[in-house]
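S.K.: Predicted coordinates and the sequence they were generated for:
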Amino acid sequence: MKLIQSICILLLFLLCTFALGQQEQAVTNIDNTKLSERQHYRVTFTSKLDPIVINTMHAWIIQIENKTGEPVLNADINVVGGMPEHNHGLPTRPQVTKNLGDGCYLLEGLKFHMSGWWQITIAILDNEISDTVTFDLQLQN
Ligand SMILES: [Cu+2]
């Protein structure tokens, strides 16, 4: 009887750790570094609001490297976004307001007003090389 009890407790424990692990993976499975569509740039975003919650105005830092891993210092950056499943865009117009140097740019005015799947597309122009990168976000309430 003791043995069966022990096995039950062990199984329960394993099940719990497995479930927790799965949950954590689901939440943190957001790719915040991506290669641009035509592979010219490697782009990383870091949200100043972490985790990203809905209905909160916040900023991102966008970091851009070129093919050889050097920082892209003077890029023109345009950002659009929306929810592909709902056919609507962002409720705000995020803008790069500051070149932070070292390939980093401050993107202000981001807000997501619904939970669900969002896409943010960043268009980058540097030395006549233009490329875009799209990040996917899954936001909870
Ligand atoms: Cu929506």
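M.R.: Received it, and whenever you're ready, just let me know what you need.
S.K.: Nearest to the ion within this structure, name that residue for me.
M.R.: Per C-beta to the ion, the residue of the chain with the smallest distance to the ion is His86, at 3.4 Å. All C-beta atoms are positioned from the backbone trio N, CA, C, and that covers glycine.
S.K.: In this structure Thr92 contacts Leu107, no?
M.R.: No: judged on C-beta atoms under 8 Å, Thr92 makes no contact with Leu107 at a distance of 11.1 Å.
S.K.: Between those two, which has more neighbouring residues?
M.R.: Leu107 (22 against 14; other C-beta atoms under 10 Å).
S.K.: Quickly find the element holding the closest residue to Arg38 other than its chain neighbours.
M.R.: The spatially closest residue to Arg38, leaving aside those adjacent along the chain, is Asp131, at 4.8 Å (C-beta to C-beta, 6 or more residues apart in numbering). Taking DSSP states H and E as the criterion, Asp131 maps to strand 129-139.
S.K.: gap between the two ends of stretch 43-63?
M.R.: Using C-alpha to C-alpha, to the nearest Å, one end of stretch 43-63 lies 6 Å from the other.
S.K.: Actually, stretch 103-117.
M.R.: In stretch 103-117, first residue to last residue: 28 Å (C-alpha to C-alpha).
S.K.: Would you mind listing the buried residues in that stretch?
M.R.: In terms of neighbour count (16 or more other C-beta atoms under 10 Å), stretch 103-117 has its buried residues at 103-105, 107, 109-110, 112.
S.K.: quick one: average confidence on the strand holding Asp131?
M.R.: Strand 129-139 carries an average pLDDT of 97.
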